[in-house]
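>>> Please work out how this folds:
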Amino acid sequence: MANAVEKSCTMLVYNDKQASATEIKEALEGNDAAAKQAAMKKAVSLLLAGEQLPQLFITIVRYVLPSEDHTVQKLLLLYLEAIEKTDATGKLLPEMILICQNLRNNLQHPNEYIRGVTLRFLCRIKEEEILEPLIPSILSNLEHRHSYVRRNAVLAINSIYKLPKGELLLADAPETIDRLLRQEQDLSTRRNCLAMLTNNAVDRAIRYLLDSVDQLATWGDLLQLSALDLIRKACRTNPGEKGKFIKTILLLLQSPSPAVMYECAVTLTSLSSAPSAVRAAANCFCSLLSTHSDNNVKLIVLDRLQELKEKHREVMTDMVMDTLRALASPSLDIRKKTLDISLELITSRNIDEVVSVLKKEVVKTQNKEYDKAGDYRQMLVQAIHSCAVKFPEVAGNVVHVLMDFLGDANTASALDVIFFVREIMETNMKLRPSVLERLHTIFYQIRSSRVVSCALWIMGEYCATTVEILAALSTLKEALGTVPFLTDATEGEEVAAASSNAAAIPPVTGSKRPAVLADGTYATQSAVAEVSSAGGATASGSAAGPNLRSLLLGGDFFLGGVIAGTLVKLLLRLSGLKDVPASQLNTLYAEAMQYVVAALRLGESAGSTPTPLDADSRDRMLLCLRVLAGQDTWSNAVWLEDCRRAFSLLTTEKQKEANARNARDEARAAVQPDDLIDFQVLKNRKGLSQLEVEDEVTSDLARATGYAEAAAAASSRLNRVLQLTGLSDPVYAEAVVTVHQYDIVLDVTVTNRTNETMQALCLELATMGDLKLVERPQNYTLAPGDTKLIRANIKVSSTETGVIFGNIVYEGTGYSERSVVVLNDIHIDIMDYISPAYCADVQFRNMWAEFEWENKVAIATTFTDVAAFLQHIISTTNMKCLTPPSALEGECGYLAANLYAKSVFGEDALVNVSVEKTQPAVAVPGAVAGQDGGRLAGYIRIRSKTQGIALSLGDKITLMQKAPLTTAAA
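Just a heads-up that it's a prediction; the model follows:
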């Protein structure tokens, strides 16, 4: 067993029905071809399952070798592929001589199929003793009349030539294949010939490629792809000569085959950073994007465009309109990725064209037959919003079109529109009059409570002139209808009869789920359907009536508070203008108070609405009533100035944060003072084309600025080295852990520290969690003091903390027992999978409400400062704080913040930190409340769509809550 090495397997066959050797032998000895086929299949399956069937060999030689059935001959070759051909010492078994004679006969068989399958079989034979007598027959098949035989003969020569003694067996193979390539007409045979020369004689393959450049366009797609493989290998071997191959790749870009076009573009971007080459590749990708019908291909092409955008943003800005053609696809994933790429390429030169395309797409979504129109419209509105934030001058072109969708049944889409309008009103003063006029026109169409609340806030804050205020008051009056909102059932028999004949209304279901507020704290909300009920008092109105009235009758008293606040702002501002007579102003005040009182009466009437009037809304409406009555004049500044100022600060802060993110994304590496500056116009051209000159210049610049990146990569690699064994162990092992998106690569360095040779050394690994080993371990032999690098690939399926543990097993020369060295465990940290990300507050709240898994972690830390504790959590969890810094300022002893991160698998991680500083247990004389001496208390809540990320992140936070002594003391 010391020399036992895992053998390579060239085929896998599933077999759930085992058969005995006797049954197989009896079937093979018969004359029935079908029975022989079934018996051979069973024999091959048993061999692949590890069974040894030496008693069948002579039977197969006697009864199967002479068979003329093609299927039996094919199965015979599979059997010969699976059996042991050598003994324990590695020498060829004597009975294999019989096999050699049969193979020679097959290679000279009159049937081309027998010749072809035999040649394919020889591609998987590694024993030189079997292959050597067959060489003349293999070479003679290169001149066979049938292309099937010739192409398989080339494959056989290629595999034999790669063997350790292949050059001795086929000394002039490259010359022979070169001659065949130049005279061959069959496409597959030429492809195999070029692949053989690429692997074994690159110079000959390059010479043939350069001699055939004029005919390159007429080659088939198989041969063109093989030529691209040759170009990639040649450029890796000799990067200085890649300039002459770039022109060849540009010729191949004109191929009608999508596969060739894609491979050409990928090869071109990997070989050259010249603007002309990148532009040609981007044009190719955009062409595939608009012509190919497969959504998977489009997603792959969009990934390539994303990579080009990150490396060559200047070139890609000219391709943004071509990229937007992918919006014609019905797939939302493709549309979203297209918009994400395009929005990052917007400049002042192309902003008008981009917005024009987005505007047309928004208009298309009005078609009722449009698939997933609501979701697509929401994506478009968000895209236009981001465009308007970067370039406010384009807002006027789209804001009126978008406002047509304020009454959309898709509340999320309508909310995005109204938020966009609110931000435009703050940042673009010129558009305020026209937007307000449009808002008054379509206000009656809005049926969503959240959308209409935001629209009311806009009217209350930005109606500045007398005409605008009076128009807003008129709009509110129409939307509220007549007062009172309810009539007593005892006022007349007619009303009672109308109440009794009212249509039955289904009961209202309310959701008591806790909602997260803007500061991260929780509050209980009641989600109530917009219906009205008939009871002791009859509501004078229905859902088909004015929108504000219908919402109030449905029990939305939070909206009643918003209406009251809007009336207060409008009338206080109108009083300050002094353009209205006192009698008219008093009338307007009286009407406003009448509406507020009617809303209060509606809420206080038992059974009049599905939900009762809550205390917060009641207090807000009473406060507004006192302000309208002139009793609370001290709060006028809050109504007229502070609300607008708070929103203005929030908008400015978001804009600064967005600009900072863009600056970080567009930051470039600085060039060192002593780096070479290469002027393109002074470059020695030496007969080079413009593209070759550009490529040389960009290559020089890449070399000039690439040393720092290489040093940083090397240092980061050293930081990931983990020691697996002790220095006193006979085997020293250390590993470098590299985490990619969907797999983990372990580069384990193993050193033999003894004076004996270690045989059958094997690295055995096992995993815990959602980790899966990809490869079976192999055995190695280590000489004394020798070092071996072993690479292990582990697949990752989800964002969870995992553990890799294992042993190193080996055999010494002086004893037969196997020795085992236990390795240290490798903990795969969740921090390797998640990265800070940004999302809007509305998106954060929506995900918080949707996600099912929550992990609640109690705060138990040695920190005494809430701000320092928050920074510690942010740094240790690798998350982004969404709460603005201005909201975290001050020394109130309480803090609430929202954190967000995204995993490499696309999973979202949401964290809410709510922490307060408690009073010390023992009061210190002279100490001020809330200062030193108290401890931090509170909870950290983690929510995600999957259980793994919530639990793993909670475990990480629990471990990292304890602060270092120096930090805690500070």
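>>> which outside residues touch the host helix or strand of Pro136?
Element membership for Pro136, per DSSP states H and E: helix 135-140. With Cβ atoms under 8 Å, 6 or more residues apart in numbering as the test, helix 135-140 has contacts from Arg104, Leu107, Gln108, Leu119, Leu122, Ala153, Ala156, Ile157, Ile160, Leu169, Leu170, Thr176. Bear in mind the C-beta positions are built from the backbone N, C-alpha and C, glycine included.
>>> Looking at those residues, state which has the most neighbours.
Most neighbours among these, by other Cβ atoms under 10 Å: Ile157, with 30 neighbours.
>>> that older thread, after the helix holding Pro136, next one along is what?
Moving toward the C-terminus from helix 135-140, the next element (DSSP H and E) is helix 147-161.
>>> Give me the helices and strands touching that following helix, please.
Helix 147-161 sits against helix 112-122, helix 135-140, helix 166-169, helix 173-183, helix 187-200, with contacts defined as 3 or more Cβ pairs under 8 Å, 6 or more residues apart in numbering; DSSP states H and E.
>>> From the contact counts, what lies against the fourth one?
Packing partners of helix 173-183 (3+ Cβ pairs under 8 Å, 6+ apart): helix 147-161, helix 187-200, helix 202-211.
>>> Reformat these as JSON lines; add distance to Gln919 and mean pLDDT.
Below are the helices and strands packed on helix 173-183 laid out as JSON lines (distance: least, Cβ to Cβ, whole Å; pLDDT from 0 to 100):
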{"stretch": "helix 147-161", "distance to Gln919": "81", "mean pLDDT": "93"}
{"stretch": "helix 187-200", "distance to Gln919": "77", "mean pLDDT": "92"}
{"stretch": "helix 202-211", "distance to Gln919": "79", "mean pLDDT": "90"}
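>>> Now render these as JSON lines, adding distance to Thr71.
Output for the helices and strands packed on helix 173-183, formatted as JSON lines (distance: least, Cβ to Cβ, whole Å):
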{"stretch": "helix 147-161", "distance to Thr71": "17"}
{"stretch": "helix 187-200", "distance to Thr71": "24"}
{"stretch": "helix 202-211", "distance to Thr71": "37"}
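>>> of all those, which lies closest to Ala39?
Proximity to Ala39 (Cβ to Cβ) singles out helix 147-161 among the helices and strands packed on helix 173-183, at 26.9 Å.
>>> The stretch 501-650 of the chain: strands as residue ranges?
Using DSSP state E, counting those that start in this stretch, the strands of the stretch 501-650 of the chain run over 514-516, 522-524, 537-539.
>>> so what's Glu850 closest to, chain neighbours aside?
Distances taken as Cβ to Cβ, 6 or more residues apart in numbering place Lys945 nearest to Glu850, at 7.8 Å, with adjacent residues excluded.
>>> okay, now the residue lying closest to Gly220 once chain neighbours are set aside: neighbour count?
Closest residue to Gly220 apart from its sequence neighbours, by Cβ to Cβ, 6+ apart: Leu187 at 4.3 Å. Residues contacting Leu187 under the criterion other Cβ under 10 Å number 15.
>>> Equivalent analysis for Pro239, please.
Neighbourhood size, Pro239 [other Cβ under 10 Å]: 11.
>>> how close does it sit to Arg207?
Distance, Pro239 to Arg207, by Cβ to Cβ, to the nearest Å: 19 Å.
>>> Ok, Tyr79 next?
As judged by Cβ to Cβ, Tyr79 and Arg207 stand 43 Å apart.
>>> Compare those two and say which one has the larger neighbour count.
Comparing Tyr79 with Arg207 by neighbour count (other Cβ under 10 Å), the higher total belongs to Tyr79, at 19 against 13.
>>> Which residues does the host helix or strand of that one contact?
Using DSSP H and E, the element containing Tyr79 is helix 70-82. The contact list for helix 70-82, computed with Cβ under 8 Å, 6+ apart, reads 10-11, 33, 36-37, 40-41, 43-44, 47-48, 60, 64-65, 67, 99, 106, 111, 113-114, 117-118, 121, 124-125.
>>> Now for this structure, the helix or strand with the poorest mean pLDDT.
Ranking every helix and strand in the chain by mean pLDDT, DSSP states H and E puts helix 493-500 at the bottom, with a mean of 35.
>>> Wait, a strand at Glu734?
Yes - according to DSSP: H, G, I helix; E, B strand; the rest coil, Glu734 belongs to a strand.
>>> and it, bridged to which residues?
Gln723, Thr749 (DSSP bridges).
>>> What pLDDT is listed against Val627?
The model reports Val627 with a pLDDT of 91.
>>> switch to numbering from 50
Got it, the first residue is 50 from now on, which makes the last one we talked about Val676.
>>> pretty sure it contacts Ala686?
No - applying Cβ atoms under 8 Å as the test, Val676 and Ala686 come out as separate, 11.8 Å apart.
>>> between those two, which one's more packed in?
Val676 (23 against 10).
>>> Can you name the residues that contact that one?
So Val676 contacts Val617, Leu621, Thr682, Ser684, Asn685, Trp688 (Cβ under 8 Å, 6+ apart).
>>> Now that Thr316 has come up, it's in contact with Arg281, right?
Yes - contact criterion Cβ under 8 Å: Thr316 and Arg281 qualify, at 5.8 Å.
>>> And the helices in the stretch 500-649 of the chain?
Along the stretch 500-649 of the chain, the segments classed as helices by DSSP state H, counting those that start in this stretch run 515-529, 542-549, 596-602, 606-626, 631-653.
>>> try the stretch 900-1019 of the chain
915-926, 996-1009, 1014-1018.
>>> The second one to helix 915-926, inter-axis angle?
If I follow you right, that is helix 996-1009. Counting by axes from the mean of the first three to the mean of the last three Cα atoms, to 10 degrees, helix 996-1009 lies at 130 degrees to helix 915-926.
>>> in terms of contact count, name the helices or strands touching helix 996-1009.
The helices and strands touching helix 996-1009, judged by 3+ Cβ pairs under 8 Å, 6+ apart, are strand 902-907, helix 915-926, strand 957-966, strand 985-993.
>>> Name the residues of the first one that are buried.
By neighbour count with 16 or more other Cβ atoms under 10 Å, strand 902-907 contains the buried residues Asn904, Val906.
>>> how distant is that strand from the center of its chain?
25 Å (Cα atoms, centre = their mean, to the nearest Å).
>>> tell me what it is packed against?
Looks like strand 902-907 contacts strand 985-993, helix 996-1009 (3+ Cβ pairs under 8 Å, 6+ apart).
>>> So which bits of the shortest one are buried?
Buried residues in strand 985-993, defined by neighbour count with 16+ other Cβ under 10 Å: Leu985, Gly987, Ile989, Arg990, Ile991, Arg992, Ser993.
>>> So which residues make contact with it?
896-897, 900, 902-908, 910, 912-913, 915, 918, 922, 956-967, 999, 1002-1003, 1006.
>>> Direction included, what does it pair against?
strand 902-907 (antiparallel), strand 957-966 (antiparallel).
>>> and the shortest one, average pLDDT?
Pointing back at strand 902-907 there. pLDDT averaged over strand 902-907 gives 90.
>>> Please apply the same query to stretch 614-631.
Here the average pLDDT along stretch 614-631 is 90.
>>> State the distance from Pro379 to Gln415.
Distance from Pro379 to Gln415, counting by Cβ to Cβ: 17 Å.
>>> which stretches of the stretch 700-849 of the chain have low pLDDT?
Low-confidence segments of the stretch 700-849 of the chain, defined by pLDDT under 70: 710-768, 790-791, 819, 846-849.
>>> Could you pull out the helices in it for me?
Using DSSP H, counting those that start in this stretch, helices in the stretch 700-849 of the chain cover 739-754, 756-767.
>>> OK, contacts around the residue lying closest to Asn873 once chain neighbours are set aside?
Excluding the flanking residues, the one nearest Asn873 by Cβ to Cβ, 6+ apart is Leu773, at 5.1 Å. By Cβ under 8 Å, 6+ apart, the residues touching Leu773 are Ala782, Glu783, Ala784, Val797, Leu872, Asn873, Ile875.
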